[in-house]
Structures are given as C-alpha cells and as structure tokens.
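Colleague: Any chance you can model this:
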Amino acid sequence: MTFTMTDTERETFLAALHVGVLGISARDRGPVLVPVWYSYEPGGDILFITNKNAKKVKRLEREGRFTLCVQDESPPYSYVSVEGPIISIEDADHERDLTPIARRYLGEERGDAYVNETSGDKELLIRMRPARWSTADYGKNST
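Modeller: Numbering: from 1, shown residues only. Prediction:
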C-alpha cells in the first residue's frame, strides 16, 4: 500500500489554500522555519512575498534554494513538501503581486485592506522552481 500522491494530486494539493512552512538551510544552526502565504498553480513556480528587510532574505540569497511544506491537519492527514532553486528575487509590486496572495488568504475585502495598510512596505517577490517532492496522503487506500 502506498500513500504517495501522484503528480496531479500533489500539485492540486499544493495549489489549494494552506499556510506554508518555509525551510531555509542555515550553516550556523538548524534550518530556519517560518510560516508564509504563497501562490502556486499546477506546473508552475512557487511564489511568496516577504519584507525586504526580513532576516530570511539574506539566508535565501546565500542558499539559493528553499523547501516549502504544507499540510492538512485534519485526519486523514496529508502533506506536500517541495524543494528547489530560487529562480528570482525581485522587488514586489503591491498591486500586481501582493493583492492576489492577500485575497487568497483573507478574501477580497480584507485582502484589499491588508494591501492598503502595507502599501509603504518594501517587499520582495521570491520565485522557486519545484525540483524535489515528498508527499503523503494517509487517506489513500482507506476502506
């Protein structure tokens, strides 16, 4: 019996609404883990936005890659963990980049309010190309 997701299952799961846990290697300590809002469409890249001055930015630039893990905490449990290289780090445009992610997590009204409240923040759009996957769906093959 296997609990591993198919390619379609893992991409559909990752595209669904979850808070991701970003993992960044750290040479001077254990991995750095932080929750993030992210965006993903099956077959595409993983995107997230962070403040330009966040501590994780220097680590991301140095390491050049990260892992993202998302899970369903309700039984039967399932998760997707995906790791890959960062293909770009660029200035984020609040309207173009942040609005869709804020609306995804907060809904249209609260998402737009969040974007307006943070309009002066200097943020980066970080893009990762998925390369390695680890998955489990413990609801598979259940009777």
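Colleague: Just give me the residue right at the centre of the protein.
Modeller: Nearest to the mean C-alpha position of the chain, by C-alpha atoms, centre = their mean, lies residue 38 at 3.9 Å.
Colleague: list the contacts for that one?
Modeller: By C-beta atoms under 8 Å, 6 or more residues apart in numbering, residue 38 lies in contact with 20, 46-48, 68, 101. All C-beta spots, glycine's among them, are computed from the backbone N, C-alpha and C.
Colleague: Make a markdown table out of those and add distance to residue 56.
Modeller: Shown next, in a markdown table, are these (distance: C-beta to C-beta, whole Å):
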| residue | distance to residue 56 |
| --- | --- |
| 20 | 13 |
| 46 | 15 |
| 47 | 15 |
| 48 | 10 |
| 68 | 13 |
| 101 | 17 |
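Colleague: Quick one: the helices in the chain, in order.
Modeller: For the chain, the helices defined by DSSP state H occupy 7-15, 55-63, 99-106, 108-117.
Colleague: Just the buried residues of the last one, please?
Modeller: Along helix 108-117, the positions that meet the burial threshold by neighbour count (16 or more other C-beta atoms under 10 Å) are 111, 114-115.
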